[in-house]
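J.: Can you look at this prediction? I've put the sequence above it.
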Amino acid sequence: MYRYDEFDERFVRERVAQFRGQVERRLDGSLSEDEFKPLRLKNGLYLQLHAYMLRIAVPYGTMNSRQLRQLAHIAETYDKGYGHFTTRQNLQFNWPKLKDVPEILDLLADVEMHCIQTSGNCIRNVTSDQFAGVAKDEVEDPRPTAELLRQWSSLHPEFVWLPRKFKIAVTGAEHDRAAIKVHDIGLKLKRDDAGEIGYEVSVGGGLGRTPMIGKIIKDFLPKSELLAYLEAVMRVYNSEGRRDNKYKARVKILVHETGEDEFRAMVEEEYAKLDGPTINAPQEEVERIAAYFASPAYETLPETSATLAKAQANDPALARFVEQNGFAHKQPGYIALTIALKEIGAVPGDMSAAQMRAFADIAERYSFDEFRVTHSQNLVLPHVKQDDVPAVFAALKEAGLASANAGLITDIIACPGLDYCALATAKSIPIAQAIAKTFADEERQKKIGLLPIKISGCINACGHHHVGAIGILGLEKGGRENYQITVGGDASEHAALGERLGPGIDAADVPAAIEAIVETYLGEKQGGESFMETVRRTGPEPFKAGFTAFIESRTLETEAVG
Amino acid sequence: MAKDHRAGSKVRGDKLPAILMASHLLEGDTVFLSESGWTLDPSAARIAHDAETSAAMEAEGKAAASANIVIDPYLVPVDLTESGLPLARHFRDAMRQRGPSIHPDMGKQAEFAPLD
Ligand code: SF4
């Protein structure tokens, strides 16, 4: 894992001291709320419906046990004993007091964490593949790139007040688990014909009010030219991006309005003017960073473990867990495990302080003291010896963390929604809970197979509903909560936006509507097709028809009762 | 962040009776203007039955915001329960009066008598 050097350490401590001073001035009245708000947002502090909310950066979703124990300590001392993992691979505390925040930031700095770049119109915390450094289909570990971008963007004076927030994601794998096509910039590490490593660069993806899939503006950028090229992209955006209308200020609108080719030409022109060598990171620095992400000291083991095979044969629950939550590791004898924070009826992404401590122990003992946060609000133990899986499973079960539903219909992404969020137009979490309960039966989940449902409580789309195989958007209509349903969204390398099935429905009708959609799928499915494969083949029409039939039957029922 | 929307002002029709809701600067908690100062207890909120009172309460809220006691005060239209307690008409404001629906053990609902 990356460790702070003296510059990182000083930078973070200075920011804490600065914020401490800002809070003091706010409390003594020398700063008004209008003056203070942009400052607190720069430090990840929001004001929500019931309390302040503090968003902590987890750069590219990588953490160690010491950090998680510190988060448990903060949760218990300054919050209500739990934290919430988000779709940005971050962690949020929902109940901190303003006066305690400087102290919390100091505690975070003690374990090399901070809240910088989790909010505001800057380059946000860079996200990545949760299986970075582990996946077999990887050209190169994306985390050194993500770390390089973190350092470049945190200290870059030119990009501190962008027209709007700016999100970058990096993947090094063929299969995109980092949703790069719905980020402002998406980077994919690849090889060219000569075998050299570089990046495919996409710009202008994003969700929210105007969802768009990113456009590839550079097929192959040599690895060493990354920072200068991104600097050119940022400069074009910084000077041409709209500042008059916040709904049109994201780079996706600029790319869309300018046109892909014209935008590419503008970037190239800017790039030609830049003095690359003064901007690009020196090779020693790239190597220094990469060294932090070297593989841990794996043992030499056979490809598969006889111990695990035997344990699985004796314990169907363990077998189900491994089958559903296990991920093939590049190192023989090892496996990566997804820990779905999605027990039936739980709040997606929530973790109690006790669970944090138990999980920290597990990661320390069985996964080289490392774990990852996924954008699906789950965690990953990246390096577990297959021989150890039975012991890990037992420890996870004990902590209530052994849900064997990764990727299934009950592994739902849900933003905080109206239960917490000041911007929400409808609840999101209770919808996820109701759907999970409807599909709680394990056999039924297995029969349905992979089906990512994603729910947002307003148009801002933090729950990524546009790219859910089934997406649910909660809005307010006539003083009531109302839910629009889409199918066919995809955040992977087949990135696509979902299509709406019909009019919005009441909260109480959502689980039955999802059942109707699932029935359509099971009826249309050919062979071993997943939900998404079926939708890709049939298009949304049969799903629209099934949904319309559902709405009609509902209306008849209501009329009969009424 | 997009613009914060305030539910109270979105309620159609009659805006009375009303209470005044805000966030406490230091704690972040939702607070209500009471007969004397600010209260955490949704049952203790002062209720405006006429335009004159609601205007006076709104002015008091603005003054408290300038004095750095509360943030973002606004009038919330309510219905009165049988026992005369103010229940926000909009579901967003009602959520603030109660606390998160998914955590009955947290927020107002955990600390104060229920409104309804
Ligand atoms: S999608 Fe809307 S409701 Fe959900 S967290 Fe984002 S801003 Fe809040």
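T.: Yep, that arrived. Residues are numbered from 1 along each chain as shown, chains lettered A, B, ... in the order given.

J.: tell me which parts of the stretch 351-500 of chain A are close to chain B?
T.: A:418-420, A:422-425, A:427, A:429-430, A:433, A:459-460, A:476, A:479-481 (C-beta under 8 Å from any C-beta of the partner chain). The C-beta positions use only the backbone N, C-alpha and C, and glycine is treated the same way.

J.: Now with 6 Å, please.
T.: With C-beta under 6 Å from any C-beta of the partner chain as the criterion, the stretch 351-500 of chain A meets chain B at residues A:418-419, A:422-423, A:429, A:460.

J.: which bits of chain A sit near chain B?
T.: A:29, A:33, A:47, A:49-52, A:80, A:97-99, A:347, A:418-419, A:422-423, A:429, A:460.

J.: how does it look with 8 Å?
T.: Within chain A, the positions near chain B by C-beta under 8 Å from any C-beta are A:26-27, A:29, A:32-33, A:41, A:46-52, A:80, A:95-99, A:119, A:246-247, A:347, A:418-420, A:422-425, A:427, A:429-430, A:433, A:459-460, A:476, A:479-481.

J.: List the buried residues in the longest strand belonging to chain B.
T.: Ordering each strand of chain B by length in residues (DSSP state E) puts strand B:70-80 first. When burial is assessed from 16 or more other C-beta atoms under 10 Å in any protein chain shown, strand B:70-80 yields the following buried residues: B:70-71, B:73, B:75-78.

J.: what about the residue lying closest to residue A:461 once chain neighbours are set aside, how many neighbours?
T.: Of all residues not flanking residue A:461 in the chain, residue A:207 sits nearest, at 3.8 Å (C-beta to C-beta, 6 or more residues apart in numbering or on different chains). When neighbours are counted by other C-beta atoms under 10 Å in any protein chain shown, residue A:207 registers 29.

J.: ok now do residue A:207, which residues does it touch?
T.: A:182, A:461, A:464-467 (C-beta atoms under 8 Å, 6 or more residues apart in numbering or on different chains).

J.: Next one: it from the ligand, what distance?
T.: 9 Å (C-beta to the nearest ligand atom, to the nearest Å).

J.: now swap in residue B:81 and tell me
T.: 29 Å.

J.: And for residue A:495?
T.: According to C-beta to the nearest ligand atom, residue A:495 and the ligand sit 19 Å apart.

J.: one step back: give me the pLDDT value at the residue nearest to residue A:461.
T.: pLDDT for residue A:207: 94.

J.: Please report how far it lies from residue A:334.
T.: Separation of residue A:207 from residue A:334 (C-beta to C-beta, to the nearest Å) stands at 34 Å.

J.: ok, now residue A:83?
T.: 28 Å.

J.: what ranges do the helices span in the stretch 301-450 of chain A?
T.: Taking DSSP state H, counting those that start in this stretch as the test, the helices found in the stretch 301-450 of chain A are A:306-314, A:316-325, A:353-366, A:389-398, A:429-438, A:442-448.

J.: which of those sits most buried?
T.: helix A:429-438 (a mean of 22; mean count of other C-beta atoms under 10 Å in any protein chain shown).

J.: other SSEs contacting that helix?
T.: With contacts taken as 3 or more C-beta pairs under 8 Å, 6 or more residues apart in numbering or on different chains; DSSP states H and E, helix A:429-438 sits against strand A:413-414, strand A:453-456, helix A:510-524.

J.: Report how many residues lie close to residue B:39.
T.: 16.

J.: try residue A:213
T.: Residue A:213: 18 surrounding residues under other C-beta under 10 Å.

J.: That one reaches residue A:205, doesn't it?
T.: Yes - using C-beta atoms under 8 Å, residue A:213 is in contact with residue A:205, at 5.6 Å.

J.: now the strands for the stretch 51-200 of chain A?
T.: A:52-56, A:62-63, A:82-85, A:91-93, A:127-128, A:168-171, A:185-191, A:197-203 (DSSP state E, counting those that start in this stretch).

J.: how about the ones you listed in a markdown table, adding mean neighbour count and mean pLDDT?
T.: Shown next, in a markdown table, are the strands of the stretch 51-200 of chain A (neighbours: other C-beta atoms under 10 Å in any protein chain shown; pLDDT from 0 to 100):
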| stretch | mean neighbour count | mean pLDDT |
| --- | --- | --- |
| strand A:52-56 | 24 | 97 |
| strand A:62-63 | 24 | 95 |
| strand A:82-85 | 23 | 97 |
| strand A:91-93 | 25 | 97 |
| strand A:127-128 | 29 | 93 |
| strand A:168-171 | 28 | 96 |
| strand A:185-191 | 22 | 97 |
| strand A:197-203 | 22 | 97 |
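
J.: Using CSV, lay out those together with distance to the ligand.
T.: Shown next, in CSV, are these (distance: least, C-beta to the nearest ligand atom, whole Å):
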stretch, distance to the ligand
strand A:52-56, 10
strand A:62-63, 22
strand A:82-85, 10
strand A:91-93, 10
strand A:127-128, 16
strand A:168-171, 18
strand A:185-191, 21
strand A:197-203, 23
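
J.: related to what we said a few turns ago, looking at the contacts of residue A:207, which are in strands?
T.: Reading strands off the contacts of residue A:207, I find no matches (DSSP E).

J.: coming back round to it: which one of the helices of the stretch 301-450 of chain A lies nearest to residue A:142?
T.: helix A:353-366 (20.5 Å; C-beta to C-beta).

J.: Which other helices and strands does that closest one contact?
T.: In terms of contacts (3+ C-beta pairs under 8 Å, 6+ apart), helix A:353-366 is packed against helix A:65-78, strand A:82-85, strand A:379-385, helix A:389-398.

J.: and the last one with helix A:353-366, angle?
T.: Yep, that's helix A:389-398 we're talking about. Counting by axes from the mean of the first three to the mean of the last three C-alpha atoms, to 10 degrees, helix A:389-398 points 170 degrees away from the direction of helix A:353-366.

J.: Tell me which residues are up against helix A:389-398.
T.: Defining contact as C-beta under 8 Å, 6+ apart, one finds that helix A:389-398 is touched by A:305, A:307-308, A:311, A:315, A:317-318, A:321-322, A:326, A:335, A:337, A:339, A:358-359, A:361-362, A:366, A:381, A:384, A:402.
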